[in-house]
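1. Would you be able to build a 3D model of this:
(2 chains)
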Amino acid sequence: MIWIIARREVYAMFLSPLAWIILAVIQTILGYMFLANLDNFFLLQPELIQIANTPGVTDIVVTPLMQVAAIILLMVMPLMTMRSLAEEKRNRTLSLLVSAPLSMTEIVLGKFFGLVLFIVILVSMLMLMPLSLYLGTTPDSGKLLSIYLGMLLLLSAFAAIGLYLSSLTENQTIAAVSTFGVLLMLWIVDWIGSSVSNGQSVIAYLSILQHHQAMLEGVFKSGDIVYYLLLIGAFLVLTIRQLDRERLL
Amino acid sequence: MTETLVQVENLSRYYQNNRAVNSLSFSLKAGEVLGFLGPNGAGKSTTMQVISGNLAPSEGEVSIAGHDIIDAPRAAKKHLGYLPEHPPVYRDASVDEYLRYCAQLHGLASDQLGAALERVKQQCGLSDVGGRLIGNLSKGYQQRVGIAQAIIHDPPVVILDEPTVGLDPIQIREIRELIRSLGSERSVILSTHILSEVQATCDRVLIIRAGELIYNASIESLNQGHESSARIALRKPVETAQLTGIDGVEHAEQLDGGRYRVFFSPDTNPDTLVQTSVEQQWGLYELVPEQQSLEDLFIELTQNEEANPA
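-> Residues are numbered from 1 along each chain as shown, chains lettered A, B, ... in the order given. Below is the predicted model of the structure:
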């Protein structure tokens, strides 16, 4: 059942030009950035050889690329999540799902996994660039895997937050803007945390960036995974509660 | 079949402090078509939404085929097809894609899907538009897609909220036939404000006003139960007292142009009236039996603010 809704979600995304445009624009911009980073690496290469224990091609080319990708996607994901529930409410099509023999949990999970499927497509396309490095050199496969998983988890967290904010309103623009605001806030929340105490405070823990940075550097900590899973779970539960609450109003 | 498929007990629904539905109770047996009537804002759509599980009831219970809509929503919804006021169609999908999706949502196995799709397209007159985008179809066709969506999984209970809105007269007739054919084996709840529709398709009629049930009877008893009346025209003017003097006439009133309305007690026929007219040479040239129509009843019940709820 969840799979049927998720499949329909992805299908509907690609029916509108939005998903195609987003994939094309991101791929173009990041492709250009990848080339620039690669160029940079060739310039630095002679000096790097002389230093012991130097950062490799993955650290110099791929990690900065994905840092930028994460920031761009922070602005783009609200555009993908805004329609998921807000549009159904505006067009009054939600009652189709509600009247079908489905639980609210199944509806919300279907919507969420539809977004996750889109994220897998998006991140897999981005990962083709680092993978092309295998043609000329040997990048760090473990690090690439960590980066891939890190991006998937980060964007899935964005999607869960966006889904919740989309369930609060009928207006897609409001859903997109508020999602963007929440994501940005979660991103910059540690600016204050790092100055208060040695970056170990609760506030720093809340920052989505802190957890992402570690995974980009190839540090795969279970604490980070738990952070993302908690974030996703919390917002999915909030979404289910919100849809249930609307039946009572 | 006399199995009760829909049971609504003391259903109340509040929007904040605003009471939309007040202690509504009724039941529906298999093979019955129930007409749900009421003026705008009477709580028709709210009741439909509660029965279909789109809104939670504030008080009371709703069960469908024996399953409570709150305690066992999945089982209850399996037996239910619902067309809301606004057909819940995806404008960016084609008719076939959309109906296939609806069937899958209702758990239809993939080997039954094709047959079910063909059946509903045939029933709702959608065979020619299967490949077209729903957004490009006219309102009437979108409405038909909405009806098709409600019956694709062959549910024993079908709830249609104003199904003939936006249809042309020929389509309306087709949809009425469809509703009648659905009603032969299923229970259908039909909400509408078109009275002739209820008279043409329903077995039973419920009238609600301001959230309260004020009338609940079968169409047959509606057509019989009340005293019958006839409109007569006479060439020679007479006193109404002369008319009421006739055996079987209970009441008479004068209308314009030498016409009178006479009320008979039930089970008498106007023989004596005609006989008297011939004897007295009143010159009877017109006698039109009047039936109390649903419209009269509806207006009488819904306009009379002081009327006690039934």
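
2. Pick out the residue nearest the middle of chain B.
-> With distances taken as CA atoms, centre = their mean, the residue of chain B nearest its centroid is B:Gly35 (2.2 Å).

3. how far away is that residue from B:Leu182?
-> 14 Å (CB to CB, to the nearest Å). For glycine as for every other residue, the C-beta is placed from the backbone atoms N, C-alpha and C.

4. A:Trp187 too?
-> 55 Å.

5. same check, this time on B:Gly60
-> From B:Gly60 to B:Leu182 the distance is 27 Å (CB to CB).

6. same check, this time on B:Leu37
-> 19 Å.

7. so what pLDDT did residue 42 get?
-> Looking at chain A here, since you left the chain open. Looking at A:Phe42, its pLDDT is 86.

8. Actually, chain B is the one I wanted.
-> For B:Ala42, pLDDT reads 82.

9. And what about it, helix, strand or coil?
-> Under DSSP: H, G, I helix; E, B strand; the rest coil, the three-state class of B:Ala42 is coil.

10. Confirm for me that it is in contact with B:Ile214.
-> No: taking CB atoms under 8 Å as the definition, B:Ala42 is not a contact partner of B:Ile214, at 9.5 Å.

11. residues making contact with stretch A:48-65?
-> A:30, A:33-34, A:37-38, A:40-41, A:44, A:129-130, A:133, A:137, A:139-140, A:143-144, A:147, A:216-218 (CB atoms under 8 Å, 6 or more residues apart in numbering or on different chains).

12. What is the neighbour count of residue 11?
-> Picking chain A for this. 14 (other CB atoms under 10 Å in any protein chain shown).

13. You answered for a different chain; I wanted chain B.
-> 24.

14. backbone phi and psi for it, please?
-> phi -70, psi 130 (degrees, to the nearest 10).

15. May I have the secondary structure class of the residue lying closest to it once chain neighbours are set aside?
-> Distances taken as CB to CB, 6 or more residues apart in numbering or on different chains place B:Gly60 nearest to B:Leu11, at 3.8 Å, with adjacent residues excluded. Using three-state DSSP, the secondary structure recorded for B:Gly60 is strand.

16. quick one: B:Gly60 and B:Asn22 touch, right?
-> No: the criterion here is CB under 8 Å, and B:Gly60 misses it with B:Asn22 at 9.9 Å.

17. the more surrounded of the two?
-> Comparing B:Gly60 with B:Asn22 by other CB under 10 Å, the one with more neighbours is B:Asn22, at 20 against 17.

18. returning to what we had before: can you work out which residues contact both of B:Gly60 and B:Asn22?
-> Common neighbours of B:Gly60 and B:Asn22 (criterion: CB under 8 Å, 6+ apart): B:Ser12.

19. Tally up the residues packed near A:Phe41, please.
-> By other CB under 10 Å, neighbour count at A:Phe41 equals 18.

20. And it, how far from chain B?
-> 44 Å (CB to the nearest CB, to the nearest Å).

21. so what's that residue up against?
-> A:Val57, A:Ile60, A:Val61.

22. now, which of those sits nearest chain B?
-> Proximity of the contacts of A:Phe41 to chain B was ranked by CB to the nearest CB; the top entry is A:Val61 with 39.6 Å.
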